[in-house]
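Q: Here is a sequence with its predicted model. Questions after.
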Amino acid sequence: MVDQVTSEKHYRHRRKFIKAASAVLSVSTIQQFAKAAEKKNGASTVNGKRTNAEKLTSFQDITTYNNYYEFGTSKSSPSRLAPKFLVTEPWSVTVEGLVRNPGVFSVDDLKKIGRLVERVYRMRCVEGWSMVIPWLGFPLNALMKKVEPTGSAKFVEFITLADSSMMPEVGAINPVLDWPYREGLRIDEASNPLTLLAFGLYGKELLPQNGAPFRLVVPWKYGFKSAKSLVKIRFIENMPITSWVKANPKEYGFYSNVNPNVPHRRWSQATERRIGDVGLFSPKRKTLMFNGYEEEVAHMYTGMNLKHFF
Ligand code: MTE
């Protein structure tokens, strides 16, 4: 099940997004986006399917309740500090390793690689909360087509910016993680059509606290797999050691697929709190297998023991 918000209200909003976005995104990007948005299903659905509308989390919540540990561990520090300190221009992303066409891409070059899409995805954090976010970007597989991984590339490693002059936690004496923040996917997960390279949300450029200028979005995995502010994408043969696995291998696994049946060592993953649901009696929601994207991704894990490969 893929929830895409396709209500009339959303379409009216989308027109506004496009208008708002034109203020900040390049002309060609906007034209591309507008064209995509016109194709009723093409821009907003995955595999041509649309299902029940789910209320979008507010722009305010998405941009002020964040995890971006390089800027501190409280939910409010990324939006307080990242806009002040994170310099995203100039920026480049190096794509290297087991590929036929490695390269260093500027943000403008990267934006031109794939067809721009808006994807409304649930994001489920391993901590037990969730949001519904309208991302703007393109499937990572468009970049993969361009760089052409060789047959021996079995995994993709994602490395994000670690600059102590911009990021207070990177210069800390006892940092929470061993920087830079590293994530990884198996090559088939990376090329799954749901996996996005995002550079916007709500029709605007990503704000620094959400991982500007480019981040990964992997909607069927816990949010920490969606690495922010990417600087390097590396195609490799062996499973990389990711930041959270290195920090605590008993609690965090490489796969980290959203799974209500596999509890975290310290809490259940059966339910979640939707950010923005207000009121004392607003119930927790049931967490869905693969965050609700089972139809699109379950085939990649056939025969795997998901308790073991958590
Ligand atoms: N990427 C980097 N570089 N540093 C981080 O601390 N936190 C992760 C992920 N990507 C993180 C990161 C976690 S735990 C989550 S839940 C999501 O980003 C949060 O994304 P959001 O703040 O845009 O909602």
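A: Great, that's in hand. Numbers count the residues shown, from 1 in each chain.
Q: So for the residue in the stretch 151-300 of the chain that the ligand sits nearest to, what's the nearest residue that isn't a sequence neighbour?
A: Proximity to the ligand, evaluated over the stretch 151-300 of the chain using CB to the nearest ligand atom, is greatest for Gly223 at 2.7 Å. For glycine as for every other residue, the C-beta is placed from the backbone atoms N, C-alpha and C. Leaving aside its chain neighbours, Gly223 sits nearest to Cys125 (4.2 Å; criterion: CB to CB, 6 or more residues apart in numbering).
Q: pLDDT at the one you found, what is it?
A: Cys125 carries a pLDDT value of 98.
Q: Okay, buried residues for stretch 169-178 please.
A: 169-170, 175, 177 (16 or more other CB atoms under 10 Å).
Q: quick revisit: how about the residue nearest to Gly223, what does it touch?
A: Residues counted as contacts of Cys125 (CB atoms under 8 Å, 6 or more residues apart in numbering) are 67, 222-224.
Q: So which of these wins on neighbours?
A: Using other CB atoms under 10 Å as the neighbour test, these are led by Tyr222, with 23 neighbours.
Q: which ones are touching it?
A: Neighbour list for Tyr222: 124-126, 256-258 [criterion: CB under 8 Å, 6+ apart].
Q: filter the residues you listed down to the ones close to the ligand.
A: Cys125 (CB under 6 Å from any ligand atom).
Q: quick revisit: farthest-separated two in the contacts of Cys125?
A: Greatest spacing in those, by CB to CB: Asn67 and Tyr222 (10.7 Å).
Q: which residues are contacting stretch 283-293?
A: The set of residues external to stretch 283-293 that reach it, using CB under 8 Å, 6+ apart, is 1-3, 122, 124, 130, 194, 219-221, 257-261, 269-274, 294, 297-298.
Q: What average pLDDT does it get?
A: Stretch 283-293 comes out at a mean pLDDT of 97.
Q: just for the chain, where's the confidence low?
A: Scanning the chain for pLDDT under 70 picks out 1-52.
Q: Which residue lies nearest the spatial centre of it?
A: Val217 (1.9 Å; CA atoms, centre = their mean).
Q: I figured that residue hits Phe138, correct?
A: No. Val217 is beyond contact range of Phe138, at 10.8 Å (criterion: CB atoms under 8 Å).
Q: Need the overlap of contacts for those two.
A: 196-197.
Q: List the pairing partners of the longest strand belonging to the chain within its sheet, with orientation.
A: Selection of the longest strand in the chain by residue count, based on DSSP state E, yields strand 129-139. Sheet pairing of strand 129-139 (DSSP bridges) gives strand 117-124 (antiparallel), strand 196-201 (antiparallel), strand 271-274 (parallel).
Q: Columns distance to Arg285 and mean neighbour count on top of those strands, output as a markdown table?
A: Formatted as a markdown table, these follow (distance: least, CB to CB, whole Å; neighbours: other CB atoms under 10 Å):
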| stretch | distance to Arg285 | mean neighbour count |
| --- | --- | --- |
| strand 117-124 | 10 | 24 |
| strand 196-201 | 21 | 24 |
| strand 271-274 | 5 | 17 |
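Q: the helices in the stretch 1-150 of the chain, which residues?
A: 8-22, 27-38, 59-64, 77-85, 107-111, 140-147 (DSSP state H, counting those that start in this stretch).
Q: ok, which residues in this structure are in contact with the ligand?
A: Counting by CB under 6 Å from any ligand atom, the chain sits next to the ligand at 66-70, 125, 160, 181, 210-211, 223-224, 226-229.
Q: For the buried ones among those, write the corresponding ChimeraX selection.
A: Remark: buried members of those, expressed as a ChimeraX selection using 16+ other CB under 10 Å:
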select :66,67,68,69,70,125,160,181,210,211,223,224,226,227,228,229
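Q: Would you mind checking which of the residues of the chain next to the ligand is nearest to Leu143?
A: Among the residues of the chain next to the ligand, and counting by CB to CB, the member closest to Leu143 is Ala227, at 14.5 Å.
Q: Checking the closest one next. Helix, strand or coil?
A: Recorded secondary structure, Ala227: coil (DSSP: H, G, I helix; E, B strand; the rest coil).
Q: how about it, phi and psi?
A: Phi and psi for Ala227, reported as degrees, to the nearest 10, are phi -70, psi 140.
Q: quick one: Thr160 and Tyr68, what's the gap?
A: 10 Å (CB to CB, to the nearest Å).
Q: Which residues are in contact with each of these two?
A: Shared contacts of Thr160 and Tyr68, defined by CB under 8 Å, 6+ apart, are found at 211, 228.
Q: Can I take it that Leu280 is in a helix?
A: No. Under three-state DSSP, Leu280 sits outside any helix and is assigned coil.
Q: which of the residues in stretch 182-197 are buried?
A: Buried residues in stretch 182-197, defined by neighbour count with 16+ other CB under 10 Å: 182-187, 189-192, 194-197.
Q: Pull the most distant pair out of the residues you listed.
A: Top of the distance list for the buried residues of stretch 182-197 (CB to CB): Arg182 and Leu194, 21.2 Å.
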